[in-house]
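Asks: Predicted coordinates and the sequence they were generated for:
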Amino acid sequence: MSNVKISVAKGDGIGPEIMDAVLAVFSAAKVPLEYDFVAMGKGVYDQGYTTGMTDEAKQSVESTGILFKGPMETPKGGGVKSINVTARKTWNTHSNIRKFQTIKGVDTVFSKAGIPINLTIVRENIEDTYGGIEHYMTKDVAVSRRIISRPGSEQVIRSAFETAIKEGYSTVTCGHKANIMKLTDGMFLDTFYEIAKLYPQIKAEDIIVDALCMKLVYAPQTFECIVLTNLQGDIVSDLCAGLVGGLGFAPSANLGDHIKIFEAVHGTAPDIAGQNKANPTSLLLSGTLMLNQMGLEHYGTAIRDALLSAIDKGVHTGDFGADRSASVGTMEFAQAIIKELDLSKITDSDPEKYHKPTMLAQNKMMVSSDETIETVGIDLFIESEQQAGDIATIVKAHLDSDMELTTITNRGTQVWPEGSVFTDLVDTYVVRIEKNTTAEIKKKKFMEQAIHLYDYLNIGSIEMLITIDGKRKYSLAQGQKVNALS
Ligand code: NAI
């Protein structure tokens, strides 16, 4: 059997220690892998590589298709993006898979009550507020863009159904907040039920994310596979980590169509770095997920069993165990796992099943529909400390006859034409102008209207109001009545 090459970045802080421990276990299990050690992390960032990786590292990952990485420190200071998030986004690893299972020897409320947990969270990994697209609109108001796309949602939802099939689950649950974020989470939820039709053997259901959290805490055994958008998935996965004993016991895989990243979910633990105290379990479990993904399931299972058996015998680092006093250090933990390895379990794993990525000539454009878009209005984000009625008077005096001022809002709540004096205001209003004719109005005309109003209002940004195939694709303000033409 020939070896498969993967890219390995040891990372910062405890990264090198835990990676060395994991690779020692892999070596003892005779895992048929070859490692291309690449330079990524804070040290590389400090040398002037703003993405936290050298060009050679990027080339290596794009040719092997697999990055096995230790934790990496995010450089401190305004505007610096996380190296980890940059890697996940650059290589479009759209699905973050985290598996949570009861581990014998790791006491939790549920293990003590005899309630087994076996659930997987599939979290969208690229979009949402993690785009980090944020701006100050005025001195008092900052905004974040939450981007949810249909093709992006399709990718992660497909991964969830495929994961359910692989894990032998019968149900996939979509967690969301579509009751509030009707367009973004609404699109994610609609896409979920569309994709579900392709998997009739799996039951599809949905739940609002706050109710999901409550139910996970009192009855986690009722869930199998849960798919969520990025931020909600991030929070719910850490909640689930708590159910099975903490972050150290939950492996993580970032899967894309071409490149996959496997990493520990915890950080660089600077407080214990270089002291042989770190627990390598999270990285080792992520390594077993990697082996499973590469067609090396028998190695993955043998290593996982050896780890569980070492833990069950009471071997542990200082971050867990009954009295939280370490029975061993990092490398000794690895040696204890090696002692438990049963190589006879490894029979017919096949690394040839793993396909390396083919180099793409250009970025893939994902477009999912050819529906008709019409611009029907414009939202103007303005800075003002005036009352809404005064702003309305200014706008109405300078409005095109085909357009009307339909609402003025402050933090999403309507304050004109009707509102309450008990709605506190900040210095950013949204002035909504919509067409009042059934005739089509060119997008450019709305832009010209905005430019005309710029002489009278301090406009910071604008947003077009569109319909797709005649359906309104912008939210109403709290308290806004639907425009006669909408
Ligand atoms: P952290 O996870 O590094 O540490 C939190 C606490 O958990 C510390 O007390 C630490 O000693 C302990 N801990 C973490 N991993 C452990 C292990 N394997 N064994 C024993 N104890 C462990 O989180 P923190 O302090 O918030 O972040 C430190 C750095 O790590 C930051 O620069 C952050 O950006 C980075 N980070 C990187 C991640 C990644 O590479 N995927 C994920 C999270 C944080």
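Replies: That came through, no problem.
Asks: How about the secondary structure of residue 253?
Replies: Per DSSP: H, G, I helix; E, B strand; the rest coil, the secondary structure class of residue 253 is strand.
Asks: Show me what it is bridged to.
Replies: residue 97, residue 262 (DSSP bridges).
Asks: What's the local residue count around it?
Replies: Here the count is done by other Cβ atoms under 10 Å, and residue 253 has 22 residues near it. Where you see a C-beta, it was placed from the backbone N, CA and C, and this is true even at glycine.
Asks: quick one: contacts of stretch 177-186?
Replies: 146, 148, 176, 188-189, 208-210, 229, 232, 473-475 (Cβ atoms under 8 Å, 6 or more residues apart in numbering).
Asks: Scan those and report the most crowded one.
Replies: residue 188 (31 neighbours).
Asks: which residues of the stretch 51-200 of the chain score low on pLDDT?
Replies: 77-80 (pLDDT under 70).
Asks: circling back to that earlier point, and the contacts of stretch 177-186 as CSV, adding secondary structure and distance to residue 372?
Replies: Output for the contacts of stretch 177-186, formatted as CSV (DSSP: H, G, I helix; E, B strand; the rest coil; distance: Cβ to Cβ, whole Å):
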residue, secondary structure, distance to residue 372
146, coil, 25
148, coil, 21
176, strand, 27
188, helix, 23
189, helix, 23
208, strand, 32
209, helix, 33
210, helix, 36
229, coil, 27
232, helix, 32
473, coil, 12
474, coil, 16
475, coil, 21
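Asks: out of those, who's nearest the ligand?
Replies: Nearest to the ligand, judged by Cβ to the nearest ligand atom, of the contacts of stretch 177-186 is residue 232 at 18.0 Å.
Asks: one step back: now the contacts of stretch 177-186 as TSV including distance to the ligand?
Replies: Output for the contacts of stretch 177-186, formatted as TSV (distance: Cβ to the nearest ligand atom, whole Å):
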residue	distance to the ligand
146	22
148	23
176	25
188	24
189	28
208	28
209	22
210	25
229	19
232	18
473	35
474	36
475	33
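Asks: Return the member of these nearest to residue 122.
Replies: Nearest to residue 122 among the contacts of stretch 177-186 is residue 229, at 10.8 Å by Cβ to Cβ.
Asks: Now do residue 57 against residue 263, distance only.
Replies: Using Cβ to Cβ, to the nearest Å, one gets 15 Å for the distance from residue 57 to residue 263.
Asks: These two: which is more packed in?
Replies: With neighbours defined as other Cβ under 10 Å, residue 57 and residue 263 compare such that residue 263 has more, 27 against 23.
Asks: Got the confidence number for the more buried one?
Replies: The model reports residue 263 with a pLDDT of 94.
Asks: thinking it is in contact with residue 254, fair?
Replies: Yes. Counting by Cβ atoms under 8 Å, residue 263 touches residue 254, with 7.2 Å between them.
Asks: Tell me the confidence at residue 3?
Replies: Residue-level confidence at residue 3 comes out at 84, pLDDT.
Asks: quick one on the thing from earlier: now render the contacts of stretch 177-186 as JSON lines, adding distance to residue 182.
Replies: Output for the contacts of stretch 177-186, formatted as JSON lines (distance: Cβ to Cβ, whole Å):
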{"residue": "146", "distance to residue 182": "13"}
{"residue": "148", "distance to residue 182": "12"}
{"residue": "176", "distance to residue 182": "11"}
{"residue": "188", "distance to residue 182": "11"}
{"residue": "189", "distance to residue 182": "10"}
{"residue": "208", "distance to residue 182": "13"}
{"residue": "209", "distance to residue 182": "14"}
{"residue": "210", "distance to residue 182": "16"}
{"residue": "229", "distance to residue 182": "14"}
{"residue": "232", "distance to residue 182": "15"}
{"residue": "473", "distance to residue 182": "10"}
{"residue": "474", "distance to residue 182": "10"}
{"residue": "475", "distance to residue 182": "6"}
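Asks: List the contacts of residue 40.
Replies: Residues in contact with residue 40 (Cβ under 8 Å, 6+ apart) are 9, 11, 52-54, 57, 69, 72, 83, 87.
Asks: which phi and psi does the residue lying closest to it once chain neighbours are set aside have?
Replies: Spatial nearest neighbour of residue 40, excluding adjacent residues (Cβ to Cβ, 6 or more residues apart in numbering): residue 9 at 4.0 Å. Dihedral pair for residue 9: phi -120, psi 120, per degrees, to the nearest 10.
Asks: neighbours around residue 9, how many?
Replies: Count around residue 9 with other Cβ under 10 Å applied: 28.
Asks: Please name the residues that touch the residue of the chain found nearest the ligand.
Replies: With Cβ to the nearest ligand atom as the measure, residue 267 is the residue of the chain nearest to the ligand, at 2.4 Å. Going by Cβ under 8 Å, 6+ apart, residue 267 touches 13, 71, 73.
Asks: element containing it, please.
Replies: Of the helices and strands defined by DSSP states H and E, none includes residue 267.
Asks: Would you map out the domains in the chain?
Replies: Residue ranges for the domains of the chain, per automatic domain parsing: 1-94+256-369, 102-232, 373-472.
Asks: The residue lying closest to residue 151 once chain neighbours are set aside: neighbour count?
Replies: Distances taken as Cβ to Cβ, 6+ apart place residue 366 nearest to residue 151, at 3.6 Å, with adjacent residues excluded. Using other Cβ under 10 Å, residue 366 has 12 other residues around it.
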